[in-house]
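Novice: I would like the atomic coordinates for the input below:
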Amino acid sequence: MRRFLLCITLAFIIVSCTTLIAFAQENKAISVFIDGLPVVFDVNPIVQGGRTLVPFRAIAEALGVKVEWDGDTQTVSATDNKTIVKLQIGNKTAYCNDTPVALDVPPVISGGRTLIPLRFFSEAFSCKVEWDGVNWMVKITSPPKEMAVIGFYALGDSRTSSWSNLFGVPYPETALGNTDIVGELALGWYSLDKDGNLLTKSRTGWQRPDGWEAVLEAASKYGLVTEMVVHVTDGDGTLTSLLSNDAAMATAVGNIIKEAVLYQGINLDFEGLGYNEEDEKLLATQGAFNKFVQLLAERTNEARLNLTLTLHAPNSAYKGYDYKTLSEYADRIIVMAYDYGTKPEPNALVIQAVEQSLKCVPKEKLVLGISIPNENSESLISKVGIAKRYQLKGIALWRLGLLTDEMWDTLKATVKIKEIINDNGNSPQPTEIKPSQQG
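Specialist: Numbers count the residues shown, from 1 in each chain. Next up is the predicted model:
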């Protein structure tokens, strides 16, 4: 009898422990990442019937999907303008573009939020979903997105050649290479002195290479838009001196416009403004740069040229950039959200830079600058993911010549590839040019 009771007791303990383990697993915290970035939920995801359910609005917004909730029918509708998904609370049948789809578990309401099956919802919008059972983590990769991809093209050596990295072959040969990813070249060939003279060789190493005309010919062949980059730093006071002299500014603007006839646009990269400045001195620095950009913008509008500004991030140590005013003059702003002191660049600070920029700059004008030496093929996914999540104009890569094959593979998996008819460059389709340029 004792042995029988002991067996019953042991069986009860085993069943109870198994139930508790299953319960603990069902209620264990689940992390969800999209393109390497965490998704924040106000109600925790749950597991039911072996399926992960998540708050629909948070996941939809992270994927850039528009959502609607019909309280009368308890129906969720979501669309990305190509796919329409509908789910109903308690209903195991969902609809994707009006086609019924059987679900293993239905949507539910938990904590006042509507939770939907994560895998079905994500895959309906062409995402890849991976479950990490060890860490209770869901990894989602969003589909390749069409966006501007700007490559900074600067002088390198045989190991860091912008030409070879872009075209995939040594200079002066050309091939399709990676021109199906990069749509625009920011050509780092120019600088200015304090008197406004345009330089093709600067003290900081920026210079126009011999045979530069071949770069423009190859760019045209593969439908790449080109901008001349004018790079000046304020380490020796050159920039401060230039911006405090009206005659020098007028000379600089005239020289830039004269040279810009060779390109589709101008990229102004004035670095180092406002370091350790505050109050009236900082306002004066911002005002001087605003004035220069305004003068240049008036001329670029007349010449039907794009004007791009490459700026230190708002959360950097350089505060001399009035983003709100500058965005009124510029066609685009590249925010240099890098050099925060660690590698890879911390996503939290990059996101902070983007969010601060978006307070002053429309998302359609904002481009995320990415420092390739500070990233790897894995971290690059999350940087492109930030541009996707905030629906930015695109990304700018500093610089060509430094991207590894693995990085190019990452870009081709996350950015929509351009259509180029053949390797001979027939019928190339350049990326967007200012409307007034198109006649």
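
Novice: make it CA atoms for all contacts and neighbour counts henceforth
Specialist: Noted.

Novice: Test my guess that Tyr275 contacts Pro314.
Specialist: No - with contact defined as C-alpha atoms under 8 Å, Tyr275 does not count as touching Pro314 (12.0 Å).

Novice: quick one: which of these two has more around it?
Specialist: Using other C-alpha atoms under 10 Å as the criterion, Tyr275 and Pro314 rank with Pro314 on top: 21 against 15.

Novice: per-residue pLDDT, the more buried one?
Specialist: Here, the pLDDT recorded for Pro314 equals 99.

Novice: Now do the buried residues in stretch 166-176.
Specialist: Neighbour-count burial for stretch 166-176 flags Leu166, Phe167, Gly168, Thr174, Ala175, Leu176 (criterion: 16 or more other C-alpha atoms under 10 Å).

Novice: mind listing what the third one touches?
Specialist: Right, Gly168. Thr174, Ala175, Leu176, Gly177, Asn178 (C-alpha atoms under 8 Å, 6 or more residues apart in numbering).

Novice: Nearest to Gly235 among those?
Specialist: Gly235 has its nearest neighbour among those in Asn178, at 34.8 Å by C-alpha to C-alpha.

Novice: That closest one in helix, strand or coil?
Specialist: The assignment at Asn178 comes out as coil when based on DSSP: H, G, I helix; E, B strand; the rest coil.

Novice: can you list the weak-confidence ranges in the protein?
Specialist: Within the chain, the stretches with pLDDT under 70 are 1-27, 420-439.

Novice: Could you list the domains of it?
Specialist: Split into domains by automatic domain parsing, the chain comes to 31-141, 148-438.

Novice: Give me whichever of the ones you listed is most buried.
Specialist: domain 148-438 (a mean of 19; mean count of other C-alpha atoms under 10 Å).

Novice: Which secondary structure element is home to the residue nearest the centre of the chain?
Specialist: With distances taken as C-alpha atoms, centre = their mean, the residue of the chain nearest its centroid is Ala387 (2.7 Å). Ala387 is part of helix 377-389, with elements assigned from DSSP states H and E.

Novice: Contacts for that helix, please.
Specialist: 34-37, 62-64, 145, 344, 347, 351, 367-368, 370, 393-395, 404, 406-407, 410-411, 414.

Novice: which ones among those residues are found in helices?
Specialist: Ala62, Asn347, Ile351, Glu406, Met407, Thr410, Leu411, Thr414 (DSSP state H).

Novice: need these in JSON lines with distance to Thr99, can you?
Specialist: Listed next are those as JSON lines, based on distance: C-alpha to C-alpha, whole Å:
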{"residue": "Ala62", "distance to Thr99": "25"}
{"residue": "Asn347", "distance to Thr99": "39"}
{"residue": "Ile351", "distance to Thr99": "38"}
{"residue": "Glu406", "distance to Thr99": "38"}
{"residue": "Met407", "distance to Thr99": "38"}
{"residue": "Thr410", "distance to Thr99": "33"}
{"residue": "Leu411", "distance to Thr99": "32"}
{"residue": "Thr414", "distance to Thr99": "28"}
